[in-house]
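[1] sequence and predicted structure, then a few things I'm wondering about:
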Amino acid sequence: MPRVSFALAETLRAVLERYSITPGAIRDIASGRMNRHWRIAAAGGREYVLRRYNTRRSRDSIAWEHALLAHAATRGLPVAEPLSARDRGRDRATLVEDGGSLYALFPLLPGHPSPYANLRYLRIKGRLLARLHHELATWHPPGQRDGYGRIWELDTLFDHTPHVSFNEALRAFGRDHRETASGVRAQRYRSLRELSRLGYGDLPDAPVHWDFHHDNLFFVRGELTALLDFDSAHLDARAADIAFSIALDCLEPPDHHAIDPRAVRAFVGGYLEHTPLDNRELRLIVPLVRAVIVWSGALALSHQEHFGERVARSLDRSVRFRYPALEARAPALEAAVHAAAEEAAARS
């Protein structure tokens, strides 16, 4: 975890002074495409994480996230609730502006991720996601989060980019990567047809985490001690959040292109131990995994101006490997969801 440059450290120290914190070591945390993070060591052994938000995140969007975190904390969930700063006399300001950038400070929570592809932990994670949905359902959000939509509403990802829509960005990408763009477009329209036919549009909105996976769940001796990174939380169907977790946490080593049916059975089974799903939600889980890959590709396209060929390689891997693997495994994945539901019904 490298130290930061002197100039950057001075900027971050000025931000931390607004939180009445005099830092010792400031170390960079390599994480994510959207935001920058630093680990802050302070007096008394206290440690924090300082986040600088990407310029795509509006104040309204960040306030939505912070309000959700505050509610989650009241429900006993081990979240990193943003700390308050002295922000020009305003009380309970959890956001600091400095040099045109927006910052928030969070406590550093203990623990480590579980072993990847561990079926016991996948069942635990399924129960934990169900508990999270249950607790967040008691929150009354002020509408959809700024910059987000449901999983098939891709144009919202391009609100603060040079392109006004997913289709425009894909056309621009296709000028240099015609075959990959054609494959992405075909999967996009197939996903829209699937979701429409199966009634996804009729599922109610709920607060979803949208990054509920291995790196954001910390454990100590088998107990959850940290549920991190609500930066992508917004409103969508809970089945879409389940599918998002499956697409991230149920991949089969070593190439991680195909989804493991055993992992899906464990994860969905854990969810159903806590919360039942209706038949429509169960039928939509596997089709929503396709939608997750499409959505993730759209998110990558929205970063094309900064990441260039990395985006092209990511989309090419999806077209060449992830979509075909999903097609080949779909019957087994559907069977895994069905088996998990049968087990849950037998227990009830």
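    Nice, thanks for sending it over. Residues are numbered from 1 along each chain as shown.
[2] centroid-nearest residue for this protein?
    Asp211 (2.2 Å; CA atoms, centre = their mean).
[3] need the contact list for it.
    229-232, 244, 248 (CB atoms under 8 Å, 6 or more residues apart in numbering). All C-beta spots, glycine's among them, are computed from the backbone N, C-alpha and C.
[4] what do you get for Thr161?
    56, 169, 302, 305.
[5] for it, which three-state class applies?
    coil (DSSP: H, G, I helix; E, B strand; the rest coil).
[6] any figure for the gap between it and His303?
    8 Å (CB to CB, to the nearest Å).
[7] for the contacts of Thr161, which one is nearest Leu122?
    Nearest to Leu122 among the contacts of Thr161 is Ser302, at 29.8 Å by CB to CB.
[8] next one: phi and psi at the closest one?
    Dihedral angles of Ser302 (phi, psi; degrees, to the nearest 10) stand at phi -70, psi -20.
[9] same check on His112?
    phi -140, psi 150.
[10] of the contacts of Thr161, buried ones?
    For these, a burial check counting by 16 or more other CB atoms under 10 Å picks out 56, 169, 302.
[11] as a whole number, average confidence for the helix or strand harbouring the second one?
    Mapping Ala169 onto the secondary structure by DSSP states H and E places it in helix 166-174. Mean pLDDT, helix 166-174: 94.
[12] make 47 the starting number, not 1.
    Right, with 47 as the first residue, what we last looked at is helix 212-220.
[13] and that helix, which residues are buried?
    For helix 212-220, by 16+ other CB under 10 Å, it's 212, 215-216, 219.
[14] which SSE is Glu373 in?
    helix 369-393.
[15] tell me the contacts of Trp185?
    Per CB under 8 Å, 6+ apart, neighbours of Trp185: 113-114, 117-118, 253.
[16] among those residues, which are located in helices?
    113-114, 117-118 (DSSP state H).
[17] of those residues, buried ones?
    The buried subset of those - by 16+ other CB under 10 Å - is 114, 117-118.
[18] the strand or helix carrying Ile339: which residues count as buried?
    Taking DSSP H and E as the criterion, Ile339 maps to helix 325-348. Buried positions in helix 325-348, judged by neighbour count with 16+ other CB under 10 Å: 327-348.
[19] show me the contact partners of stretch 326-338.
    Against stretch 326-338 from outside (CB under 8 Å, 6+ apart): 197-198, 233, 236-237, 240-241, 244-246, 248-249, 283-286, 288-290, 292-293, 305, 314, 369, 372, 376, 379-380, 383-384, 387.
[20] report the beta-bridge partner residues of Glu269.
    For Glu269, the beta-bridge partners under DSSP bridges are Val266.
[21] and what of the one 4 residues further on?
    The residues paired with Leu273 through beta bridges, assigned by DSSP bridges, are Val125, Leu263.
[22] and it, how far is that from Leu154?
    Taken as CB to CB, the span from Leu273 to Leu154 is 14 Å.
[23] looking at those two, which one has more neighbours?
    Leu273 (22 against 14; other CB atoms under 10 Å).
[24] hmm, Leu123 and the more buried one touching each other?
    Yes. Leu273 is in contact with Leu123 according to CB atoms under 8 Å; the separation is 5.9 Å.
[25] common neighbours of those two, please.
    Common neighbours of Leu273 and Leu123 (CB under 8 Å, 6+ apart) are Leu178.
[26] Pro370: how many residues sit nearby?
    Residues near Pro370, counting by other CB under 10 Å: 14.
[27] next, the contact list for the nearest residue in space to Leu249 that is not next to it in sequence, please.
    Closest residue in space to Leu249, ignoring its immediate chain neighbours: Ala283 at 3.8 Å, by CB to CB, 6 or more residues apart in numbering. For Ala283, the contact set (CB under 8 Å, 6+ apart) comprises 196-197, 246, 249-252, 254, 327, 330, 334.
[28] let me know the closest of these to Asp301.
    Using CB to CB, those come closest to Asp301 at Leu334, 22.4 Å.
[29] one step back: which one among the buried ones among the ones in helices among the contacts of Trp185 gets closest to Ala183?
    His117 (10.5 Å).
[30] what's the spacing between the closest one and Cys296?
    Relative to Cys296, and taking CB to CB, His117 is found at 28 Å.
[31] try Ser104
    For Ser104, the distance to Cys296 (CB to CB) stands at 33 Å.
[32] more neighbours: which of those two?
    Neighbour totals were compared for Ser104 and Cys296, and Cys296 leads with 26 against 16 (other CB under 10 Å).
[33] dihedrals phi and psi, Glu111?
    Dihedral angles for Glu111 - degrees, to the nearest 10 - are phi -60, psi -50.
[34] so how far is Leu62 from Ile72?
    The value you get for Ile72 to Leu62, if CB to CB is used, is 8 Å.
[35] okay, the two: which has more neighbours?
    Leu62 (22 against 17).
[36] any idea how far stretch 105-112 is from the chain center?
    Per CA atoms, centre = their mean, to the nearest Å, the displacement of stretch 105-112 from the mean C-alpha position of its chain is 15 Å.
[37] now do Arg134, the pLDDT please.
    On the pLDDT scale, Arg134 gets 53.
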